[in-house]
Each structure stands twice: as C-alpha cells, then as structure tokens.
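Colleague: Sequence first, then the predicted structure:
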Amino acid sequence: MSSSSSAVSDKPRLPSKPLSCLITFSIFLLISSSFSLLQLSRTSSFLRLIVPPRTSSQNPSINLRSEHGRIKDVRTSCNDEQPLLRVYIYDLPPDFHFKLLGWIPNGDETWPDVSDPNRIPTYPGGLNQQHSVEYWLLLDLLSSEIANVLRIRPCTAIRVLNSSESDIVFVPFFASLSYNRHSKIQDNQKLSLDRQLQRRLVEFLNDRIEWKKGRNHLIVAHHPNSMMFARNMIGSSATFVLADFGRYPSHIANMEKDVIAPYKHMVQSVSAANSAPFDKRPTLIYFQGAIYRKDGGAIRQELYYLLKDENDVHFSFGSVQANGVREAGEGMASSKFCLTIAGDTPSSNRLFDAIVSHCVPVIISDDIELPFEDILDYSEFCVFVRASDAVEKGYLVKLLRGIARKKWTKMWERLKEVSRHFEYQYPSRRNDAVDMIWQSIARKAKSKSKLKSTQLFIHRKNRYRSKNL
C-alpha cells in the first residue's frame, strides 16, 4: 500500500463539501418522510370511509373452497387498521332478540353460538323476512369476535367489549319481528308483548351511562310500524336504520343522521349468466301485489285500471300464499320493466325484488328515500316517474315503450353489477347488503357535518332528468 493510502487510513479526514450537502439532504428527506407517514396515519380512517379497504395480506388466512368450487381467501382475524366502525353491543336479555326466534339459552347465556352458519337460529319465513335487517346486522357483529372461525366476512364493523372504545352503541332489539309477531294483545294481557318489550327497552336505556352521556346509539326499526311507542321517547338521540321515513316526524328521523336499508328481497336472485336479455323478456310492464292500499299507495288502484287491459302488461293482485313469491320471481325475470309503486309508506320490497331479477325498476313514489344513494346513482338502472305523470292516461306505457333496446340493455347491465349490494347473507361478504349498511353507518357516525353529501345531492337530482332516458 502506498504511503498516501496509509495516511488516509491513519488520519480521518473531514467530509468534502459535496458529501456534506448529500448528508444534509438525506436527513431532510428522512424527517419529511416521517412527517408524511404521521399525517397519513391521521387521515387513514377518513380515506377508508371513501374507499373500502381491501383484505389485508397481513391477516392470517387460509384457502377455503366455496359451495361453487371457487377458492376464497378466508381471514381468521381483523387487524387494528381495517375496521371502519367499532361497535359496542348492549347485553340485553335474549327476550329482546334471539329468544323471539325460539332460541333457548343454556343457563345465563345471552348469545347463541354463531360459529357454524348451518346451526345459527333461523329467522321466521314469509313476509317477516323482508324486515330482517336487525338479525343480519347482529349476526355479523357477533361473528366478528370469533377468532378461531374461518370467515370471509369483511372487517368493516367489529364488536368491541368496552363502550369507551366504540364509535357507536348497538341496541340488539329485534323490533320488526317483535311487531310482526307480538303486537296484538293476547288473553289476560293488558299490553302486548311488543309494547312490554319497548317499555323495558326505554327503561334500560335510561339507566345506562352511555345513554346519559349522549353516546351515539344504533337502533334497527326497519318495519315502518316497529318501535311505535318507544320512538317518541327515544326521540332524536339515536341513529335509526329504517325502510323509509313515512311514519316518522322529521325531528325524530331524517337523512342527516339516519340510514335507509334495503328490504331483504323475497324472490330468488337471478344470476348474471341466467339473466334474460331484452328479446327474451316478452312482458313490457310487470306488477303483482296488493292493489288496494292506504295513504300514498292509493295510486296503485288508479294504475291498475289504466294498465290492466294493455296486451304486454301484467298488473294483478298477488300474495306470498300459493306459490305467489315463485310466480312473482318468474314474472319479473321475464319482464323488461317492473313497477315499484308507493304502498302504505313510500318504500316497497318490490324495488329489491326487481333489482335481483334484473328487471328495470320503474319507481313511482315521490317521497321515497333509497339505500346507499350517496354511493349509487339509481338513475343508471331505474326509471323514475312522478305520481302525477304516471296516472295520466297513456303516459306510462308510451314512456316505457319509447326506451330503446340499447338504453334498456345499459340499465340491465348495470343491474347485474349492483344487485350484489342488496343481498343479505351470513357470513357477510364485501359490499353485500350487510357490509354496505355498515359503511353507511360509518359515514354517518364519523361525519363531522350532518349535511347531505354532495354526491347524494347529485344522485337525487338525476332521478327525473329526462336525458337519462
């Protein structure tokens, strides 16, 4: 080694000017990156409200083959970054929820074992099913804490065991089922069981520290007649999950704080592969259901007399009895347009039956509120007609016959895309009805402003724009 080289190794030298600049610049980059990461962590929850999170690769998972033979990615836990919503569930006695399904607890059990989807308590059938939102949301929350169960449910909402860690407090009362099954006074009763449960619920809430402190509570009252007694005592102190606002005063329930959830459809879903195109749907307009209704539903009778004699229109009375649901499903799946007309309240289950049948819904209900409308533009797959126009002789038939095959097909294709958002199932799946409801609740619960979103305003404005047809 040369003497000059030896001198370098024996005596340290100060960095040259360029090297000093490089070191200074590197330190600046390190500080800037750290600051950016800190800011990102603070805003991550907001971003997740806009863009639903994808399944994290950090979660322990295995592959599970579904009933259709496809491979599914299955999580066994949710990490801390995934949930949009942390939910605390009151331990209300089983009388308020699963006991109404006939479930018998062992000892002091509050909840059934939901680890096996094939053995969970089942919800009553028939028309009870259309308002079963309460059941699906509670099942989903209970499953979120079963770490040893192979699940494919998203981590949008999870249960927490300490109310101080929660974004919202869930009140587990099957209010719709209680009304449907127990609203009539039985022998030797002064009050119906439904009324008794509502009274006990109000007493329970008034004793809870979370309620006294004004914590946000979530109450599912999807049937328009459910919680009739308690809703006035609860007032605006809770977030409601409803079918519509038809029987609620605006100071108790409104779009600023509450969530509209879809009915559970009654007809069988049509797969995209088996969905009939334009030429395979011989019926132009389809409606089957109760024709004589109260309030805003009186328009059904007027439309019946206007449309009943049209050759390619099916407008008749129908019910769930004597294969009525199966017949309605077959009729919708072979029709181009399906009428969704206001009933006793602005909403109707037929909208969701039409969507899963890929029959373009024709919504005749001026005051209807629609699920997830801040995300979905219903004008892309529905036709909106004002009630005053619909009852003009010849108006509706002329309007629908004037919609070209190309336009109808575009709406039909969109229906096949969005129908998954209206499917209730257990375990829940990404962006199905259960997951979409949790996302809607999260947007309400975490929004600093209770004003309607710009997107909701735009979508509502699009409803009656003629250019959409």
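Modeller: Perfect, I can see it now. Residues are numbered from 1 along each chain as shown.

Colleague: Ile375 contacts Ile458, correct?
Modeller: No - the pair formed by Ile375 and Ile458 falls short of the contact definition of C-beta atoms under 8 Å, at 11.6 Å. (Each C-beta comes from the backbone N, C-alpha and C, glycine too.)

Colleague: All the strands of the protein, residue numbers only.
Modeller: Using DSSP state E, the strands assigned to the chain run over residues 61-65, 71-75, 85-89, 157-160, 168-171, 217-220, 238-242, 259-260, 283-288, 313-316, 335-341, 360-364, 383-384.

Colleague: Name the strands paired with the last one and say parallel or antiparallel.
Modeller: Right, the one you point to is strand 383-384. Taking DSSP bridges as the criterion, strand 383-384 forms sheet pairs with strand 360-364 (parallel).

Colleague: returning to that earlier point: redo the strands of the chain as CSV? Include mean neighbour count, mean pLDDT and distance to Met227.
Modeller: As requested, the strands of the chain are exported to CSV (neighbours: other C-beta atoms under 10 Å; pLDDT from 0 to 100; distance: least, C-beta to C-beta, whole Å):
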stretch, mean neighbour count, mean pLDDT, distance to Met227
strand 61-65, 12, 28, 39
strand 71-75, 15, 41, 35
strand 85-89, 22, 97, 18
strand 157-160, 22, 94, 22
strand 168-171, 22, 98, 10
strand 217-220, 24, 98, 7
strand 238-242, 24, 97, 8
strand 259-260, 24, 98, 15
strand 283-288, 22, 97, 30
strand 313-316, 20, 94, 34
strand 335-341, 27, 97, 25
strand 360-364, 24, 98, 26
strand 383-384, 23, 98, 30
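
Colleague: To Leu127, which of these lies closest?
Modeller: Distances from Leu127 to each of these were compared by C-beta to C-beta, and the smallest falls on strand 283-288, at 14.5 Å.

Colleague: send the alpha carbons of the closest one over as CSV?
Modeller: Output of strand 283-288 as CSV, limited to C-alpha atoms (Å, rounded to 0.1, in the frame of the first residue of the first chain):
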residue,chain,number,x,y,z
THR,A,283,-93.7,-8.6,-20.9
LEU,A,284,-93.2,-4.9,-21.1
ILE,A,285,-94.5,-3.9,-17.6
TYR,A,286,-94.9,-6.2,-14.5
PHE,A,287,-96.7,-5.6,-11.2
GLN,A,288,-98.1,-8.2,-8.9
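
Colleague: what's the angle from it to strand 360-364?
Modeller: Relative orientation of strand 283-288 with respect to strand 360-364: 60 degrees, computed using axes from the mean of the first three to the mean of the last three C-alpha atoms, to 10 degrees.

Colleague: Tell me where the model's unsure across the stretch 351-469 of the chain.
Modeller: For the stretch 351-469 of the chain, the stretches with pLDDT under 70 are 448-452, 466-469.

Colleague: Let me see the ranges of the helices in it.
Modeller: Taking DSSP state H, counting those that start in this stretch as the criterion, the stretch 351-469 of the chain carries its helices at 387-390, 395-401, 405-418, 433-445, 454-461.

Colleague: buried stuff in the longest one?
Modeller: Applying a neighbour-count criterion of 16 or more other C-beta atoms under 10 Å, one finds Trp408, Met411, Trp412, Arg414, Leu415, Lys416, Val418 buried in helix 405-418.

Colleague: what residues are up against the residue lying closest to His265 once chain neighbours are set aside?
Modeller: Setting aside the residues directly before and after it, His265 is nearest to Phe352 in space (C-beta to C-beta, 6 or more residues apart in numbering), at 4.3 Å. By C-beta atoms under 8 Å, 6 or more residues apart in numbering, the residues touching Phe352 are Pro262, Tyr263, Lys264, His265, Phe422.

Colleague: from those residues, which is closest to Leu85?
Modeller: Leu85 has its nearest neighbour among the contacts of Phe352 in Pro262, at 18.6 Å by C-beta to C-beta.

Colleague: Endpoints of stretch 210-229, how far apart?
Modeller: With C-alpha to C-alpha, to the nearest Å as the measure, stretch 210-229 spans 22 Å from end to end.

Colleague: chain center to that stretch, what's the gap?
Modeller: The gap between where stretch 210-229 is centred and where its chain is centred comes out at 17 Å by C-alpha atoms, centre = their mean, to the nearest Å.

Colleague: Over to stretch 175-193?
Modeller: Relative to the centre of its chain, stretch 175-193 is centred 28 Å away, using C-alpha atoms, centre = their mean.

Colleague: and the gap between the closest residue to Met227 other than its chain neighbours and Glu210?
Modeller: Of all residues not flanking Met227 in the chain, Ala221 sits nearest, at 4.1 Å (C-beta to C-beta, 6+ apart). Applying C-beta to C-beta, to the nearest Å, one obtains 19 Å for the distance of Ala221 from Glu210.

Colleague: Sketch out the low-pLDDT regions of the stretch 51-200 of the chain for me.
Modeller: With pLDDT under 70 as the threshold, the stretch 51-200 of the chain has low-confidence stretches at 51-77, 79-81, 147-151.

Colleague: picking that back up, give the contact list for the residue nearest to Met227.
Modeller: Going by C-beta under 8 Å, 6+ apart, Ala221 touches Ala175, Ser176, Met227, Arg231, Phe240, Val241, Leu242.

Colleague: and which of these is nearest Val133?
Modeller: Distance ranking of the contacts of Ala221 against Val133, using C-beta to C-beta, places Val241 first at 6.1 Å.

Colleague: Spit out the contact partners of the nearest residue in space to that closest one that is not next to it in sequence.
Modeller: Spatial nearest neighbour of Val241, excluding adjacent residues (C-beta to C-beta, 6+ apart): Val220 at 4.4 Å. Val220 makes contact with Val133, Glu134, Leu137, Val171, Phe173, Ala175, Ser176, Phe240, Val241, Ala261 under the criterion C-beta under 8 Å, 6+ apart.

Colleague: quick one: which of these is most hemmed in?
Modeller: Among the contacts of Val220, the one with the most neighbours (other C-beta atoms under 10 Å) is Ala175, at 31 neighbours.

Colleague: What about the closest residue to it other than its chain neighbours, how many residues nearby?
Modeller: Sequence neighbours aside, Ser226 is the residue nearest to Ala175 in space, at 4.0 Å (criterion: C-beta to C-beta, 6+ apart). Counted with other C-beta under 10 Å, residues neighbouring Ser226 total 28.

Colleague: start at 27 instead
Modeller: Yep, numbering from 27; the last one is Ser252 now.

Colleague: Would you confirm that Ser252 contacts His208?
Modeller: No - using C-beta under 8 Å as the test, Ser252 is too far from His208 to be in contact (10.9 Å).

Colleague: Distance-wise, check Ile484 relative to Pro387.
Modeller: As defined by C-beta to C-beta, Ile484 lies at a distance of 20 Å from Pro387.

Colleague: my bad, should have said Arg234
Modeller: Following C-beta to C-beta, the distance that separates Arg234 from Pro387 is 41 Å.

Colleague: Asp117 against His123, yeah?
Modeller: No - Asp117 is not in contact with His123 according to C-beta under 8 Å; the separation is 10.5 Å.

Colleague: Compare neighbour counts for the two and give me the winner.
Modeller: Neighbours around Asp117 and His123, counted as other C-beta under 10 Å, are more numerous at His123. The numbers are 25 against 9.

Colleague: which residues sit in contact with that one?
Modeller: Neighbouring residues of His123 by C-beta under 8 Å, 6+ apart: Glu160, Leu164, Pro198, Phe199, Phe200.
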